[in-house]
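1. could you look at this predicted model? Sequence included:
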Amino acid sequence: MSKQYKNIGWLPVTRKEVEERGWEQTDVILVTGDAYVDHPSFGTAVIGRVLEAIGLKVAVIPQPNWKDDLRDFKKMGKPRLFFGVTAGNMDSMMNHYTAARRLRSDDAYTPGGKPGFRPDRAVTVYTKILKSIYPEVPVIIGGIEASLRRVTHYDYWADELKPSVLFDSGADLMVYGMGEKAIRRIVTEMDEGKRISQIVGIPQTAFLSKEYEENNDTATICLPSHENCLKDKKSFASMFAMVEVESNKLSQKRIVQKTGDQVVVINPPYAVLSTPEMDEIYDLPFTRLPHPKYNTKEPIPAYEMIRHSVNIHRGCFGGCSFCTISAHQGKFISSRSEESVLKEVEAVTHMSDFKGYISDLGGPTANMYRMQGVNTAICEKCSKPSCVFPSVCHNLSTDHNPLLALYRKASVVSNVKQIFIGSGIRYDLFLGNKYGDEKKYAHGEYLEQLVLQHVSGRLKVAPEHTSENVLRIMRKPPFTVFMDFRKKFELMNRRNKLNQQIVPYFISGHPGSKPEDMAELAVITKDLGFKLEQVQDFTPTPMTLSSVIYYSGIDPYTHKQVFSALTSKQKTEQMRFFFWYKKENRSAIRSYLIHAGKPELLEKLTGEKERNRSNFRKK
């Protein structure tokens, strides 16, 4: 292994910067679809710093041009160990296309938000290019795009099932999930002289094999083959359920899936990171800034959003059907220590543009810090995707005291005027929890401190829908829990003479949702005084339950048929109900509700009465 090198700023992104460090050759080159921001919220920066910390010479190629003579891929030469490839912090297809499959006009991970600086399916494109230029150099893929495509998956943009990205890209190895421990072990084995083809036993990695034989190995789960999934949607649905169930266990088995004449082998993941392991990562010497190459360019929107924020934990046990967090980060929570978080808060206060406001102190879900099962033995037997659906697990500690203590200590750090909680919260963790001791676990105290001290005028929450059936499919709590939260929120505001607002987030077109469900959503939210802003048309993403239901038409657990809005007309029909108050939508809404025999909803929504039925027929 290379000797230890001290951090002298950013990782090099040009050949000149490599030479200025006195390096004849790099050990690892990371290729990413994002601009290079040396901040712990950006995966490339984290992996780069982790490798640097063990003595490797690491360089980054951000957003290489894949359309020209490929000079960006050649400028650093070949690394001693491997190329690491990621699409970036966001799936490239989600980054490029709307739910209507139209090209987006922006890219938050590029200076100025300009689109077009990464290809579709970036992991596959980058890997193929590197393999064509340097066929002898191993390519290891990772990040969210690769992680969510580790087995057969539904690709919404191609409207077809695709095999593991290992098969399509030709990569030598995949690191799925949060890969710090796996990537360090890979380096160790390569420096011990192992070829990439011999590295087959590292947790949290996946690879293709022609030698693996399916047998009665009790430590292995054999999925339906890719070809069987192509032939039968029920097989695909069954395959997903097998993967999801296994992925939500504390101790997991190896997973294999045959694809053509090869087999995808997925080793079980590492154990959840301990607090010292989390601290070690976040205490690395990040500059917290974009590379100086962007100094003359427009700001990078994704960075502007998080530049004064601090991440306190990973993972989410919410298990929402449409969300990819648990599939990538896992459902078990890894939390940082108070000391580590406060150290980073202080670092933020020394940034030249800091004005006294921390924009977020949170994680995938802001209020899951340090939460876990009370009795680990119970967790070891559990494979449920959610610890809070259909109700909060009796074994889950929903203690908000550690989080409150962290808020208070961070708030008194020198030069901090106020801390806002910008990441989403799960209000069902402190409302409607029949197992929780509200006083012991500080449920009411948390809500009060959140509302009075950590809201910047508008608090974004995600009830997602109002329909009981749709919420059940989404694995979300009943809308009555949101109503309870809203009531308490407004009461606290009135008592303290505050003028703060709740901004609810909703999804249309989700499996199970019909236009009449959307009409009822519109009526309910109108009665509550909302003109909806935070809304989204459902987009199927790989490795989520919702996308499997959308493609297959069935719930893989109940085997029941589920309606989904599949056509652009059906999706537009549902989305329109969000904006019932716009004149251009009135005619279509009127037409649908009259034909559907729902005049009472029309009247509640627009004030138009039953006579519109006859008026419509005359027209």
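-> Right, received. Where do you want to start? What you are looking at is a predicted structure, and each value in this text was computed from that prediction instead of being measured.
2. now do the helices in the stretch 201-350 of the chain.
-> Counting by DSSP state H, counting those that start in this stretch, the stretch 201-350 of the chain has helices at residues 226-231, 233-247, 275-282, 301-306, 325-329, 338-349.
3. between these, which one is closest to V37.
-> helix 301-306 (4.9 Å; CB to CB). Where you see a C-beta, it was placed from the backbone N, CA and C, and this is true even at glycine.
4. off-centre distance for stretch 193-208?
-> On the basis of CA atoms, centre = their mean, to the nearest Å, stretch 193-208 sits 26 Å off its chain's mean C-alpha point.
5. can you dump the C-alpha atoms of that stretch in CSV for me?
-> Output in CSV follows, covering the C-alpha atoms of stretch 193-208 (Å, rounded to 0.1, in the frame of the first residue of the first chain):
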residue,chain,number,x,y,z
GLY,A,193,-1.8,-9.3,-4.8
LYS,A,194,-5.2,-10.6,-5.6
ARG,A,195,-6.6,-10.0,-9.1
ILE,A,196,-10.1,-8.4,-9.3
SER,A,197,-11.5,-11.8,-10.4
GLN,A,198,-10.3,-13.3,-7.2
ILE,A,199,-12.1,-10.8,-5.0
VAL,A,200,-15.3,-12.6,-4.4
GLY,A,201,-15.9,-12.7,-0.7
ILE,A,202,-16.1,-9.1,0.4
PRO,A,203,-19.4,-8.1,2.1
GLN,A,204,-21.5,-5.5,0.3
THR,A,205,-20.1,-6.3,-3.2
ALA,A,206,-21.6,-8.0,-6.2
PHE,A,207,-20.0,-9.6,-9.3
LEU,A,208,-20.8,-11.8,-12.3
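6. got the contact list for R185?
-> Remark: with contacts taken as CB atoms under 8 Å, 6 or more residues apart in numbering, R185 is in contact with 202-203.
7. helix, strand, or coil at it?
-> What DSSP: H, G, I helix; E, B strand; the rest coil gives for R185 is helix.
8. for the one 3 residues further on, same thing?
-> Secondary structure state of T188, per three-state DSSP, is helix.
9. same question for S456.
-> coil.
10. neighbours around it, how many?
-> Neighbours of S456 under the rule other CB atoms under 10 Å: 12.
11. wait, what's in contact with it?
-> By CB under 8 Å, 6+ apart, the neighbours of S456 are 420, 422.
12. quickly list the domain ranges of this protein.
-> The chain breaks down into these domains under automatic domain parsing: 15-210+259-266, 503-619.
13. closest one to R458 among the ones you listed?
-> Minimum separation from R458 across the domains of the chain (CB to CB) falls at domain 503-619, 5.0 Å.
14. show me how far the closest one is from its chain's centre.
-> Going by CA atoms, centre = their mean, where domain 503-619 is centred and where its chain is centred differ by 26 Å.
15. likewise for stretch 266-281?
-> Relative to the mean C-alpha coordinate of its chain, stretch 266-281 is positioned 18 Å out (CA atoms, centre = their mean).
16. start to end distance for it?
-> 25 Å (CA to CA, to the nearest Å).
17. hmm, who's touching it?
-> Looking at what lies outside stretch 266-281 - CB under 8 Å, 6+ apart - the contacts are 40, 46, 49-50, 150-151, 176-178, 180-182, 200-206, 251-257, 313-315, 330, 332-337, 339-340.
18. in that stretch, what counts as buried?
-> Neighbour-count burial for stretch 266-281 flags 266-270, 272-273, 275, 278-279, 281 (criterion: 16 or more other CB atoms under 10 Å).
19. the closest residue to Y97 other than its chain neighbours: what's it in contact with?
-> Spatial nearest neighbour of Y97, excluding adjacent residues (CB to CB, 6 or more residues apart in numbering): W157 at 5.9 Å. Neighbour list for W157: 93, 97, 101, 120 [criterion: CB under 8 Å, 6+ apart].
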